[in-house]
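K.L.:
generate a structure from the sequence data that follows.
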Amino acid sequence: QVQLVESGGGLVQAGGSLRLSCAASGRTYIMGWFRQAPGKEREFVAAIWWNSGTTRYADSVKGRFTISRDSTKNTVYLQMNSLKPEDTAVYYCAAKSHNIYFIDNSHLYDYWGQGTQVTVSS
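P.N.:
Numbers count the residues shown, from 1 in each chain. Got it, this is the predicted structure:
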């Protein structure tokens, strides 16, 4: 069982930046970030393969968000720049214990964090 603890959410003005952190209690194969806005389905944001460092992004955040990992701290980060009001959501960290093809499918992930609120004001 892997526990995920997120931190770093908050309120920021449009154009600003935030960095989310997700500390994992054990090693996993893939780490991902998802988000869910009120009244909307949970959507994929970014993912990183732990061993290779390969990353994938949703088109809506490409060029603005960066996912990275620190192996010494067993922590994954999501650096969010040029934030927009439409980025407002609860952001969730997720982990998968083995490789999957459809990394943007939230139903395939094994472990989830509690979520952290990100609010971007216009």
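K.L.:
going by C-alpha atoms from here, please, whenever you check contacts or count neighbours.
P.N.:
Will do.
K.L.:
who's in contact with residue 34?
P.N.:
By C-alpha atoms under 8 Å, 6 or more residues apart in numbering, the contact set of residue 34 is 42-46, 91-94, 106.
K.L.:
residue 12 too?
P.N.:
18, 118-121 are the contacts of residue 12 under C-alpha under 8 Å, 6+ apart.
K.L.:
how close does residue 85 sit to residue 37?
P.N.:
Separation of residue 85 from residue 37 (C-alpha to C-alpha, to the nearest Å) stands at 11 Å.
K.L.:
try residue 114
P.N.:
Distance from residue 114 to residue 37, by C-alpha to C-alpha: 15 Å.
K.L.:
buried only: go through the contacts of residue 34 for me.
P.N.:
42-46, 91-94, 106 (16 or more other C-alpha atoms under 10 Å).
K.L.:
how about a markdown table for those, with distance to residue 74 and pLDDT added?
P.N.:
Listed next are those as a markdown table, based on distance: C-alpha to C-alpha, whole Å; pLDDT from 0 to 100:
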| residue | distance to residue 74 | pLDDT |
| --- | --- | --- |
| 42 | 25 | 97 |
| 43 | 24 | 97 |
| 44 | 21 | 98 |
| 45 | 20 | 98 |
| 46 | 17 | 98 |
| 91 | 19 | 98 |
| 92 | 17 | 98 |
| 93 | 13 | 98 |
| 94 | 13 | 97 |
| 106 | 21 | 91 |
